[in-house]
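Engineer: Okay, here's the prediction I keep looking at, along with the sequence it came from:
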Amino acid sequence: MDSSDTSTTGFHHVSSSPSSSPISSPPSLPATPTTVVIHSPCAACKILRRRCADNCVLAPYFPPTEPLKFTTAHRVFGASNIIKLLQDLPEIQRADAVSSMVYEAKARIRDPVYGCTGAVCQLQKQVDELQAQLARAKAELTNLQAQHGNLLALICMEMARTQQDCTPQSVDDALAASPCMFQSDADFLDEITQGLVWDEPHWL
């Protein structure tokens, strides 16, 4: 056979590996909305028009819902003095210090001359007046207790005198006081005596 007439048979190579089928991907989950925390500035930073940091020393004591609190303290002491004072104090004493500053600032605004000293003097005056009233009440109570004791003593003396006047001083006074009683007693004794005489047994 001529090699030229011979047709070369081409074999199609079939891969023994299975055909790769597309793998279905799992359904994608809906994206969770990110919660955005909006940090509200404290009243102090809001009034001062500055950024309120996370470690703001004024935020715990001047919340955004109480702007008048910082306005009053800032008007008298100033923001820098308030911050310096809070930084110099322990954290456990800062709340009391803020309350004291706000109270003193209100007093200073109400009374620019005397300020908090005027309120303290007025309160001290009320304390002195109340103490004087208490001393007078105690004195009146002591006086009433003494009068009560004297009245009881007089009543006891009068009762003793009345009993002494009613007691017979002698037999004549007793007979004059109640002759019938003694007369009936004498008759009763006579009857007993006569009964004893007549009823006396005769002994052999």
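Structural biologist: Received it, and whenever you're ready, just let me know what you need. Here the structure is a predicted model, which is why all the values come from computation and not from measurement. Numbering: from 1, shown residues only.

Engineer: what about the helices in the protein?
Structural biologist: 43-48, 67-76, 79-88, 91-110, 116-166, 171-177, 179-198 (DSSP state H).

Engineer: Reformat the ones you listed as a markdown table; add mean neighbour count.
Structural biologist: C-betas here are computed from N, CA, C, even on glycine. Output for those, formatted as a markdown table (neighbours: other C-beta atoms under 10 Å):
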| stretch | mean neighbour count |
| --- | --- |
| helix 43-48 | 19 |
| helix 67-76 | 18 |
| helix 79-88 | 14 |
| helix 91-110 | 15 |
| helix 116-166 | 10 |
| helix 171-177 | 11 |
| helix 179-198 | 10 |
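
Engineer: closest one to V57 among those?
Structural biologist: Nearest to V57, of all the helices of the chain, is helix 79-88, at 5.2 Å by C-beta to C-beta.

Engineer: outside of the closest one, which residues touch it?
Structural biologist: 44, 48, 57-58, 61, 73-74, 77, 94, 97-98, 101 (C-beta atoms under 8 Å, 6 or more residues apart in numbering).

Engineer: just stretch 41-52 next, same as before
Structural biologist: With contact meaning C-beta under 8 Å, 6+ apart, stretch 41-52 is reached by 39-40, 56, 58-59, 62-67, 69-71, 74, 79, 82.

Engineer: how about a cut-off of 6 Å?
Structural biologist: Here stretch 41-52 makes contact (C-beta atoms under 6 Å, 6 or more residues apart in numbering) with 56, 58-59, 62, 64, 66-67, 70, 79.

Engineer: Just send these back as JSON lines, with distance to Q145 and pLDDT too.
Structural biologist: Converted to JSON lines, those look like this (distance: C-beta to C-beta, whole Å; pLDDT from 0 to 100):
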{"residue": "C56", "distance to Q145": "64", "pLDDT": "91"}
{"residue": "L58", "distance to Q145": "60", "pLDDT": "92"}
{"residue": "A59", "distance to Q145": "61", "pLDDT": "91"}
{"residue": "F62", "distance to Q145": "57", "pLDDT": "93"}
{"residue": "P64", "distance to Q145": "61", "pLDDT": "91"}
{"residue": "E66", "distance to Q145": "54", "pLDDT": "90"}
{"residue": "P67", "distance to Q145": "59", "pLDDT": "92"}
{"residue": "F70", "distance to Q145": "57", "pLDDT": "93"}
{"residue": "A79", "distance to Q145": "62", "pLDDT": "92"}
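
Engineer: I appreciate the help and will end here.
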